[in-house]
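[1] Pasting the sequence and the predicted coordinates here, then a few questions.
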Amino acid sequence: MQAETALSLTLIAIFIKCYNGFAQTPPLFVSPFPGIGPDQIYGQSGVIPPPPTAPPGLTLLGFPQLPPPPVVPFIVTPTTQLPPGYVCVPIGTCNPNNGIDIRIVTPGNTPPCPPGQVPCFGTAGGSQCGLRFVSPINTTDGFATPGAYPWQAYLVNQTGYAGSGVLLDQYTVLTAAHKVYMNSGTPEMLGVYMGVYDTTRLGTRYTVDRVYLHPNFNPSNLFNDLALLRLATPITPVTQTYINTICLPTQGQSFVGQTCTISGWGRTSFDVGDAPTLLQKQVQVPIVSYTTCYNSMSNSSLLGSNVNTYLDPIGELCAGGQAARDACTQDGGSPLVCNVNGRFTLAGLVIWGKGCGQPGVYGVYVNVANYVTWITNATSMLTG
């Protein structure tokens with residue numbers, strides 16, 4: 001078992017890493033079998049291992065071992081500031097209903113946006129949620145294109161890499177509660193980095209001012225596994241090519257049947273402790289129905305008769321089920337995003353899974369569409 005599977009179905013793994021790795025104390029996972037811990041239940045032999053000595057990390061399971069793409073600057077900031085109310089967007093994406101292109105350019109001035117982008121007037125961040133500001137984008141499973149997931153946050157705690165999350169606005173990051181709840185009383189020990197591609201070049205650290213857990217979060221089965229991080233200082237995505245917000249779905253929106261994308265720095269396989277990986281990875285996975293997931297997890301080699309204890313039909317969704325295409329250990333909190341009319345929308349956050357990338361076995365994610373009302377209200381409360 002490992003603590004989170006954001007790029008590979010590893011429910012059990014998430015429990016151990018999450019609780020042992022963060023708290024350096026025995027996991028809080030409550031075993032339905034007397035005398036048997038989560039590792040044994042989910043397929044690993046032996047006793048619960050001691051707390052890891054290396055910082056936990058993110059990694060996608062089974063990505064092709066392709067040569068890494070050229071490393072480019074992880075943050076591109078134009079040399080000239082945009083006028084108030086403007087944001088840099090890819091050419092042709094300035095929505096005429098929500099914004100206007102700048103038509104008068106003074107000769108000799110330094111362009112305010114990177115090559116291939118233009119200034120657009122509109123609500124910075126909000127109206128531009130879910131847009132990528134780099135091209136071309138490599139869609140092959142494996143290494144991501146630098147800047148392809150500008151909404152993804154890289155989280156650290158007092159021991160090192162902690163997991164992932166997504167940027168909702170300048171002050172708010174959404175993540176899985178199991179990644180941060182041990183620091184709910186010490187939020188200053190948490191840090192957020194944006195625009196990360198190469199984990200040796202993290203950039204600016206943003207300190208967390210407050211951790212707000214979903215009131216019904218259950219650490220024993222990871223139901224309602226959501227938390228908002230309120231930052232002490234704002235992240236301004238307006239003129240930064242590799243930083244942007246993610247779009248939230250509508251309350252109750254369904255993504256079943258769609259093939260969507262997970263990204264992160266988790267392990268490349270269940271039994272290889274290489275998280276966080278050097279470079280960000282990506283993999284495409286199909287989102288399946290609850291019935292399909294339930295039938296799989298009911299197998300005696302997975303959850304068996306305990307399926308109703310650990311699988312939430314409303315608050316969770318399942319994706320994957322294909323060999324070597326999955327999230328994996330220490331991917332907890334990583335976003336599962338779907339392309340909706342040219343913008344990326346947050347469908348899920350990695351929670352847990354069984355192993356990584358096993359055919360017919362699905363990864364379990366927070367069903368974000370079930371929590372949009374709570375997210376919106378909680379964000380407003382934190383802002384106020």
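    Received, thanks.

[2] need the helices for the stretch 101-250 of the chain, in chain order.
    Ranges of helices in the stretch 101-250 of the chain, per DSSP state H, counting those that start in this stretch, are 177-180.

[3] where does the stretch 101-250 of the chain have low pLDDT?
    Counting by pLDDT under 70, the stretch 101-250 of the chain contains low-confidence ranges at 101-112, 114-127, 237-240.

[4] change it to 90
    101-128, 133-143, 202-203, 236-241 (pLDDT under 90).

[5] Just the C-alphas of stretch 206-219, formatted as CSV.
    Once non-C-alpha atoms are left out, stretch 206-219 reads as follows in CSV (Å, rounded to 0.1, in the frame of the first residue of the first chain):
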residue,chain,number,x,y,z
TYR,A,206,4.1,30.4,-1.5
THR,A,207,3.4,29.9,2.2
VAL,A,208,0.0,28.5,3.3
ASP,A,209,-1.9,30.7,5.7
ARG,A,210,-4.8,28.3,6.4
VAL,A,211,-5.8,24.7,5.8
TYR,A,212,-9.6,24.2,5.5
LEU,A,213,-10.7,20.6,5.4
HIS,A,214,-14.1,19.4,4.2
PRO,A,215,-16.1,19.0,7.5
ASN,A,216,-17.0,15.4,6.7
PHE,A,217,-13.5,14.2,5.7
ASN,A,218,-13.0,10.7,7.0
PRO,A,219,-9.3,9.7,7.2
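
[6] where do the helices sit along the stretch 251-384 of the chain?
    Under DSSP H, counting those that start in this stretch, the stretch 251-384 of the chain gives helices at 290-297, 307-310, 372-383.

[7] Can you say which of those is packed in most?
    helix 290-297 (a mean of 17; mean count of other C-beta atoms under 10 Å). From N, CA and C alone the C-beta is placed, and that goes for glycine too.

[8] Now it - C-alpha only, CSV.
    Extracted C-alpha coordinates of helix 290-297, given in CSV (Å, rounded to 0.1, in the frame of the first residue of the first chain):
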residue,chain,number,x,y,z
TYR,A,290,-19.7,3.6,-10.8
THR,A,291,-21.2,0.2,-11.7
THR,A,292,-18.1,-0.8,-13.7
CYS,A,293,-15.8,0.4,-10.9
TYR,A,294,-18.0,-1.3,-8.2
ASN,A,295,-18.0,-4.6,-10.0
SER,A,296,-14.2,-4.5,-10.3
MET,A,297,-13.5,-3.5,-6.7
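
[9] what's that helix in contact with?
    Applying C-beta atoms under 8 Å, 6 or more residues apart in numbering, the contact partners of helix 290-297 are 302-303, 307, 310-311, 313, 317-318, 321, 354, 360-362, 364.

[10] Quickly check those residues for the two that are furthest apart.
    Within those, two members stand farthest from each other by C-beta to C-beta: Pro313 and Gly360, at 19.4 Å.

[11] Quick one, which of the helices of the stretch 251-384 of the chain gets closest to Thr186.
    Using C-beta to C-beta, the helices of the stretch 251-384 of the chain put helix 372-383 closest to Thr186, at 17.6 Å.

[12] so what does the closest one touch, helix or strand wise?
    Packing partners of helix 372-383 (3 or more C-beta pairs under 8 Å, 6 or more residues apart in numbering; DSSP states H and E): strand 160-169, strand 172-175, strand 206-213, strand 227-231.
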